[in-house]
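1. Coordinates for the following, if possible.
(chains A and B)
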Amino acid sequence: MKFNKSALVMILYILFLMLPIYWLINMSLKTNQEILSTFSLWPNQLTLDNYMVIFTDPSWYGGYINSITYVIMNTVISLSVALPAAYAFSRYTFMGDKHLFFWLLTNRMAPPAVFALPFFQLYSSVGLFDTHIAVALAHTLFNVPLAVWILEGFMRGVPKEIDETAYIDGYGFFTFFRKIFMPLIASGIGVAAFFCFMFSWVELLLSRTLTSVDAKSIAATMTRTASASGLDWGVLAAAGVLTIIPGALVIYFVRNHIAKGFALGRV
Amino acid sequence: MSLILEDITLSSDGQPHIYQTNLTLEKATMNVLLGATLSGKTTLMRLMAGLDKPTSGRILWNGEDVTGKRVQDRDIAMVYQQFINYPSLSVYENIASPLRLMNKSRSEIDDAVKEAADLMKLSNFLDRKPLELSGGQQQRCALARALVKGAGLVLLDEPLANLDYKLREELRAEIPKIFEQSGAIFVYATTEPEEALLLGGNTATLSQGRITQFNKTPDVYHHPKDATTARIFSNPPMNFLNLNKKGTEVTFSDGTVASMLNSLADGEYLAGFRPNHLELHKHHENAIKFSAKLNVTEITGSETFLHLQHDDQAWVGLVHGVHDLNLGEDLSVYLDPSHIYTFSQEGELVLPASYAGEKR
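-> You can find the predicted model right below:
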């Protein structure tokens, strides 16, 4: 039989990629005792107890609900702010537009940690601390610039003559934007939403700093599982598996447009 | 119905794009804007549409000042050189869109769309999306949308420029039909003199942001006001050479002497003639003989373009048939004096070519 080298490399690579995820799933289906005592490639005593804990304990599933809530809030706010901004940048010239457009990205040049302190102090003093909107607003600082850049790229690809033809036909601006323009940049909106979602979903530091109990995110919950009896390995692994799922789902839906999104719509 | 541009100018960043322009378009007329690219055709059209605001001057529609009026509230339709449709809507919805915005009844819209689609030969494609059509069909869809609106002013900005030859011929024949049915003011921008002649009506020739002449198309063609207009309204552009008139004799810049143009006062002039009037053989007894060096020949099948160097002037000749000529050869070319336009040295027309007849 002819030995296929490239297939071997491919298989090794995929194994390498999948190993951590497999190990996570593997752990999530084991008992704590088995995780700590023996080395096994698959669960000897298959159990779904870890998942049951998450779905029954409000402090666990509450984390997911909180995370999803502020992630969706953030995505909606970011897009509704970025759409008109991107339209203005792509269609009009105004004083300082190029500079403003470039410097929008400066917010992304600093790590979120830089902003943790001012946000914490500001939100505490205005009574926004430990609310969903606090995290959502904090994340827009990073997501709006990125969404503007992505959407502007997609909008620039739509000829200005389409706008003008619509006005000549008699469309008002808002009808035109909703009925004609938005469908043309639908994939751009999808990609921008994806980036907002992913950033907000994986961001840990701000969400942990700005929440304590009521709006605690799943990532924060996971870092606080250490208890007197040590780490609850199995439950933590199950939480990890469940955390991957929303991201994987979102990626699946925008997979065909993602490359264009990474190029900020300029492909 | 009439559109009047009153002392319109447009400049941006201190750079003038349209110099002071006055133009009156009467109802139910076909008006051609003829000029090379960047001569200001599109800019002028955008001013008429209200997409751009003039720096100074007024635009009157039926006597009413519409200078600052929103595009949406104007009685216009426009077709661009690029094929502009709404990609997310079907062809039917594309054509219907201006009517829907006018709150027409469903059956009224249906009738109008069907009729326009029929005229534009789109009836079989109404369910498709514009991007699933060929280029010619896309442009016909855009034309149908402009047509169905029943606007008083229809602006067509080089609508056929991006189409291949065959489709262009086809659509070119349809545009006068649409025009006749609509009774609107049509404005048609083009770079091609043939198109202007084919569409008839009036022609305004544009050069570098100025209208050089506006009149009935054949008049502009036969009696160009100046050398610039003559150059624009000739494809390939008109050829020129200098001449000196003294007594009964005319001396051309290359030393050729002929007896012609008797009514002309003595002095220096600029002579112009169209490429298709240059001949390789002496057909006319009075024909003047010039010698010129042949640089390039372009054979299109039934015609041959000769790119010639005559003295310091580059000439183009257009002759029938396929000619086998050697490049770099010195040719004798012939020109019937009745085809010569005489311009003053500043470019003003002094004497039209006698073949063109008297100005009507």
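
2. Next up, the contacts around the nearest residue to A:Ile168 once chain neighbours are set aside.
-> With sequence-adjacent residues excluded and distances taken as CB to CB, 6 or more residues apart in numbering or on different chains, A:Ile168 is closest to B:Met78, at 5.1 Å. Yep, even glycine has a C-beta here, placed from its N, CA and C like the rest. Listed by CB atoms under 8 Å, 6 or more residues apart in numbering or on different chains, the contact set of B:Met78 reads A:Glu164, A:Thr165, A:Ile168, B:Met45, B:Ala49, B:Ala146, B:Val154, B:Leu155, B:Leu156, B:Asp157.

3. so what's B:Gln20 up against?
-> Contacts of B:Gln20 by CB under 8 Å, 6+ apart are B:Asp7, B:Ile8, B:Thr9, B:Gly57.

4. tell me the secondary structure for the residue nearest to A:Ile168?
-> Of the three states, B:Met78 takes strand under DSSP: H, G, I helix; E, B strand; the rest coil.

5. Quick check: the gap between it and B:Gln213.
-> Distance, B:Met78 to B:Gln213, using CB to CB, to the nearest Å: 25 Å.

6. same deal with B:Ser302?
-> 31 Å.

7. Between these two, which has more neighbouring residues?
-> B:Gln213 (22 against 8; other CB atoms under 10 Å in any protein chain shown).

8. Is the more buried one located within a helix, as I assumed?
-> No: looking at B:Gln213 with three-state DSSP, it is strand, so not inside a helix.

9. List the contacts of it.
-> B:Gln213 touches B:Thr203, B:Ala204, B:Thr205, B:Val220, B:Pro224, B:Lys225, B:Asp226, B:Thr229, counting by CB under 8 Å, 6+ apart.

10. now the residues you listed as TSV including distance to chain A, pLDDT and secondary structure?
-> Shown next, in TSV, are the contacts of B:Gln213 (distance: CB to the nearest CB, whole Å; pLDDT from 0 to 100; DSSP: H, G, I helix; E, B strand; the rest coil):
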residue	distance to chain A	pLDDT	secondary structure
B:Thr203	24	95	strand
B:Ala204	22	95	strand
B:Thr205	25	95	strand
B:Val220	29	93	helix
B:Pro224	33	93	coil
B:Lys225	33	91	coil
B:Asp226	34	92	strand
B:Thr229	30	93	helix
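
11. I'd like the residues you listed as a markdown table, with distance to B:Ser88 and neighbour count appended.
-> As requested, the contacts of B:Gln213 are arranged in a markdown table below (distance: CB to CB, whole Å; neighbours: other CB atoms under 10 Å in any protein chain shown):
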| residue | distance to B:Ser88 | neighbour count |
| --- | --- | --- |
| B:Thr203 | 38 | 29 |
| B:Ala204 | 37 | 25 |
| B:Thr205 | 40 | 28 |
| B:Val220 | 43 | 26 |
| B:Pro224 | 47 | 27 |
| B:Lys225 | 48 | 18 |
| B:Asp226 | 49 | 19 |
| B:Thr229 | 44 | 27 |
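
12. Up against chain B, what does the stretch 101-250 of chain A have?
-> Residues of the stretch 101-250 of chain A lying near chain B by CB under 8 Å from any CB of the partner chain: A:159, A:161-162, A:164-172, A:180, A:183-184.

13. Can you tell me which of those residues are buried?
-> Neighbour-count burial (16 or more other CB atoms under 10 Å in any protein chain shown) applied to those gives A:Glu161, A:Ile162, A:Glu164, A:Thr165, A:Ala166, A:Tyr167, A:Ile168, A:Asp169, A:Gly170, A:Tyr171, A:Ile180, A:Leu184.
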